[in-house]
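Asker: Predicted model and sequence below, questions to follow.
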Amino acid sequence: MLPSSTVENYLKAIYAGVAGLSAPNRLLPMGHLASALGVTPGTATTMVKTLAESGLVHYEPYTGVALTSAGEKLAALVLRRHRLIELFLVRVMGYAWDEVHDEAEQLEHVVSDRLIERIDEMLGRPEVDPHGDPIPNSEGQVKQQEAQSLLTCPLKTPVVVSRVIDQDKVFLRFIEQNNLKPGESIEVEERDSASDAVQVRGKNDRRITIGTRAASKLLVNVVRLLLFVALGGTAYAQVQEPEPVRTGSDRPFEITDNSFLVEEAFNQEPGIFQNIFGIYRPGDGSWVSAFTQEWPVRVQAHQLSYTVAFAGTGANSGVSDALLHYRFQLWDETSRRPAFSPRVSLVLPTGSASRGLGDGSAGWEVNMPFSKQVRDIYFHWNAGFTHLPSAEGVATNHNLFTPRVAASGIWRARPMLNLMLESVFEWPEEIDDTATARTRSTTVIPGLRTGWNAGDAQVIVGVGVPVTFADGATDGGVFGYFSYELPFR
């Protein structure tokens with residue numbers, strides 16, 4: 001049986017109804033289902049029997065109904081479409097959070113899976129919708145939430161609102177007017193069973209009294225404190241709160257790509273790999289290019305990649321030294337901290353030092369990239385070094401160590417047009433006849449990048465104009481960039 005809108009509505013209602021049952025109940029009474037859908041019990045029973053014949057539900061006459069594994073997955077995917085559409089309407093279309101439910105109810109049955117995947121990618125793979133409801137992934141799996149209601153959370157303890165489980169417009173407006181939306185920090189000061197009321201202290205120490213029914217619809221997380229003792233015995237607290245929904249100029253960047261010369265602190269998402277090609281041609285007629293391919297290792301936290309370099313100097317051209325990279329996504333970006341993804345790389349002497357195509361030494365490289373979005377500008381900054389313990393010289397090998405720092409700012413002029421300014425500061429140690437010498441180099445590269453989405457792929461092209469200042473000399477050139485990312489599942 002094809003999953004018509006009626007079938008999907010029934011599965012979604014059963015999914016939500018069973019989730020609201022207390023243990024050990026596992027079957028949703030037919031009267032509850034009929035009430036949730038606004039139909040008679042006889043109509044609901046007839047439809048449930050049809051769903052049972054299709055293998056989507058398990059039905060016990062006079063007892064109730066539950067979803068099979070197939071029905072549960074289909075219901076979760078309907079919820080995925082609904083909640084992603086709600087978030088899209090709020091973030092991109094500018095809808096208020098209290099007016100998206102009815103729109104999503106209509107659209108969830110007609111949008112394609114491909115469109116939903118593109119919406120999910122554009123929104124940055126969100127985990128919750130504007131009301132804090134969890135968004136199932138593309139396999140129908142839901143990340144479990146650990147939350148309490150205002151009726152069960154500790155008294156006089158900081159908590160953060162994580163979810164509102166009522167879509168009624170009037171109720172949502174009440175929540176917004178009283179600063180009780182997801183992400184708000186509050187405390188429950190008192191519960192009075194005699195008056196059926198809960199007193200809450202909210203933003204700016206404002207006291208709010210709400211009924212127990214309303215309090216049961218607000219889920220919260222207790223603020224977790226990470227205490228440690230420093231010299232002198234001072235205690236510090238680390239507050240972990242859910243991230244608010246980002247809209248307007250705070251929305252995620254539409255171009256999800258690397259900078260030119262300054263490394264960004266974001267690993268590839270699971271199921272996506274990226275190909276990057278860059279070429280630099282200075283004013284002296286030589287050229288340097290590199291091809292990099294980045295792959296996630298099961299999850300986004302771990303990424304493996306490699307870089308193959310090519311160079312041309314006068315009559316010599318060919319493969320230069322290659323690198324193997326591992327990068328760990330240590331921090332995800334939040335409203336309070338940047339993303340941080342330390343990288344370590346192995347340098348492979350695949351080029352020919354005698355022909356000027358490499359250094360002829362194995363080595364290693366470390367880089368510490370940070371990234372932080374501030375409205376329509378992304379800031380990236382790095383610190384790292386390259387160590388080559390046995391670089392080939394004329395008569396002997398040399399131990400070379402080159403530290404560097406870098407920074408960039410990327411301005412979103414249009415959704416798919418970024419203006420960029422990058423700077424790299426190096427103190428390269430180079431072979432000077434039979435010894436080594438350290439110089440100082442500064443490269444500034446203004447540029448721009450643009451791109452387009454083609455199905456499941458994103459293609460980016462960019463151009464920059466590097467200017468390098470070293471030992472009193474100035475060298476200009478041109479830099480070209482091309483990348484594309486594709487799913488591999």
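Answerer: The structure has been received and is ready for your questions. Numbering: from 1, shown residues only.
Asker: In contact with the residue nearest to Gln300 when sequence neighbours are not counted: list those residues for me.
Answerer: Of all residues not flanking Gln300 in the chain, Asn267 sits nearest, at 5.0 Å (C-beta to C-beta, 6 or more residues apart in numbering). Heads up, the C-betas are built off the backbone N, CA and C, glycines and all. Asn267 makes contacts with 294, 296, 300-303, 327, 329, 341, as judged by C-beta atoms under 8 Å, 6 or more residues apart in numbering.
Asker: His101 now?
Answerer: 86, 167.
Asker: Got phi/psi on it?
Answerer: The phi/psi pair for His101 (degrees, to the nearest 10) reads phi -60, psi -50.
Asker: just the helices in the stretch 201-350 of the chain please.
Answerer: Using DSSP state H, counting those that start in this stretch, the helices found in the stretch 201-350 of the chain span residues 212-215.
Asker: okay, and for it, where does confidence drop off?
Answerer: 223-249 (pLDDT under 70).
Asker: One more: the stretch 351-489 of the chain?
Answerer: Using pLDDT under 70, the stretch 351-489 of the chain drops low at 455-456, 489.
Asker: can I assume Asp463 is in contact with Gly480?
Answerer: Small correction: residue 463 is Val, not Asp. Yes - contact criterion C-beta atoms under 8 Å: Val463 and Gly480 qualify, at 5.8 Å.
Asker: May I ask you to name the longest helix in the protein?
Answerer: In the chain, assigned by DSSP state H, the helix with the most residues is helix 69-91.
Asker: In PDB, list the C-alpha atoms belonging to that one.
Answerer: This file holds the C-alpha atoms of helix 69-91, laid out as PDB (Å, rounded to 0.1, in the frame of the first residue of the first chain):
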ATOM      1  CA  SER A  69       9.400  -1.500  12.900                       C
ATOM      2  CA  ALA A  70       8.400  -0.700   9.400                       C
ATOM      3  CA  GLY A  71       5.600   1.600  10.500                       C
ATOM      4  CA  GLU A  72       7.800   3.300  13.100                       C
ATOM      5  CA  LYS A  73      10.400   4.100  10.500                       C
ATOM      6  CA  LEU A  74       7.800   5.500   8.100                       C
ATOM      7  CA  ALA A  75       6.200   7.600  10.900                       C
ATOM      8  CA  ALA A  76       9.600   8.900  11.900                       C
ATOM      9  CA  LEU A  77      10.400  10.000   8.300                       C
ATOM     10  CA  VAL A  78       7.100  11.900   8.200                       C
ATOM     11  CA  LEU A  79       8.000  13.700  11.400                       C
ATOM     12  CA  ARG A  80      11.400  14.400   9.900                       C
ATOM     13  CA  ARG A  81       9.800  16.100   6.900                       C
ATOM     14  CA  HIS A  82       7.400  18.000   9.200                       C
ATOM     15  CA  ARG A  83      10.000  19.400  11.600                       C
ATOM     16  CA  LEU A  84      12.600  20.300   8.900                       C
ATOM     17  CA  ILE A  85       9.900  22.200   7.000                       C
ATOM     18  CA  GLU A  86       9.000  24.000  10.200                       C
ATOM     19  CA  LEU A  87      12.600  25.000  10.800                       C
ATOM     20  CA  PHE A  88      13.000  26.000   7.100                       C
ATOM     21  CA  LEU A  89       9.900  28.300   7.300                       C
ATOM     22  CA  VAL A  90      11.200  30.000  10.400                       C
ATOM     23  CA  ARG A  91      14.900  30.400   9.500                       C
END
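Asker: in that helix, what counts as buried?
Answerer: Residues 71-91 are the ones in helix 69-91 that count as buried (16 or more other C-beta atoms under 10 Å).
Asker: My guess is Thr468 contacts Arg440. True?
Answerer: No - Thr468 is beyond contact range of Arg440, at 11.0 Å (criterion: C-beta under 8 Å).
Asker: So which of the two has more stuff around it?
Answerer: Legend: neighbour count by other C-beta atoms under 10 Å for Thr468 and Arg440, higher for Thr468 (18 against 11).
Asker: just how off-centre is the helix or strand containing the more buried one within its chain?
Answerer: For Thr468, the enclosing helix or strand under DSSP states H and E is strand 467-470. From the chain centre to the centre of strand 467-470 is a distance of 35 Å (C-alpha atoms, centre = their mean, to the nearest Å).
Asker: after it comes which helix or strand?
Answerer: Taking DSSP H and E, what comes next after strand 467-470 is strand 473-487.
Asker: Quick check: Leu400 touching Trp427?
Answerer: No - Leu400 lies out of contact with Trp427 (C-beta under 8 Å); the separation is 11.3 Å.
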